[in-house]
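K.L.:
how does the following fold in three dimensions:
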Amino acid sequence: MFFSRNAFRDLDPIDSPASMASSKKVATRDEWERKLRDVKIRKEDMNRLVMNFLVTEGFVDAADKFRIESGTQPEIDLAIIADRMEVKRAVQSGNVQEAIEKINDLNPTILDMNPQLYFHLQQQKLIELIREGKTNEALEFAQEELAPRGEENQTFLEEIEKTVALLIFKGVKNCPYRELLDVSQRLKTASEVNAAILASQSHGKDSKLPSLLKMLKWTQNHLDERAAYPAINDFTTAVVEDPSI
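P.N.:
Numbers count the residues shown, from 1 in each chain. Okay, the predicted model is just below:
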């Protein structure tokens, strides 16, 4: 459901703050649906939103089928999406070196232009060595590959110290930075990689549909203060519920 300024023109707030608190403009379902019918959304725009979501989230097969069925062309080559998802899966499974090699095959300038991303990948590689119990190899890697970067960047140094702390404490449960070994850390790094690849392809890192849902939620929250109207309370069903009077 999308809204325009015209859909709200008869729902202006009452000027008096006191009266606003005690009385709200009430819009019936019939009135509300009649106003929504006046809001025209082109099918082509809806199709582009769907394609944008499929491309950004990496649903290659679905995007290709949607391209054929709707005639909507994706913003980038679908073959590139498959390459991006292979990189993302490599990071999520802990194969960081493989991910780095695939990134360089895809576009060697990505890591050159994004030192923070490269550091986080190297940090993730150190985490994986610690996870596998390769203590000596982890210490050597931290000293040779990460320490020089920490000398140049205080933030990097702090991250290195947190990661190496996983080796110092007896038992991961006693380490205050044990969350680095959680799967969520892999997902965080994979998300950063995904965003960097999308940016290199001049594509937004986030799909537009979630942004529209946030805008809808924000709009409803503000409209709740001045009107009672049929609203969507559960975005997963998109059911329009009658106003509470």
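K.L.:
residues touching the closest residue to residue 198 other than its chain neighbours, list them.
P.N.:
In this structure, residue 198 finds its nearest non-sequential neighbour in residue 205, 4.9 Å apart by CB to CB, 6 or more residues apart in numbering. Yep, even glycine has a C-beta here, placed from its N, CA and C like the rest. With contact set as CB atoms under 8 Å, 6 or more residues apart in numbering, residue 205 has these partners: 56, 194-195, 198-199.
K.L.:
what about 7 Å?
P.N.:
Residues touching residue 205, when contacts are defined by CB atoms under 7 Å, 6 or more residues apart in numbering, comprise 195, 198-199.
K.L.:
for residue 242, same thing?
P.N.:
For residue 242, the contacting residues are 29, 230, by CB under 7 Å, 6+ apart.
K.L.:
ramachandran coordinates for it?
P.N.:
When read as degrees, to the nearest 10, the backbone of residue 242 gives phi -60, psi 150.
K.L.:
next, work out how far apart it and residue 105 are.
P.N.:
According to CB to CB, to the nearest Å, residue 242 and residue 105 sit 56 Å apart.
K.L.:
over to residue 132?
P.N.:
Residue 132 sits 25 Å away from residue 105 when distances are taken as CB to CB.
K.L.:
tell me, how many residues neighbour the residue nearest to residue 29 when sequence neighbours are not counted?
P.N.:
Spatially, and ignoring its direct neighbours in sequence, residue 29 is nearest to residue 230 (5.0 Å; CB to CB, 6+ apart). Applying other CB atoms under 10 Å, we find 18 residues neighbouring residue 230.
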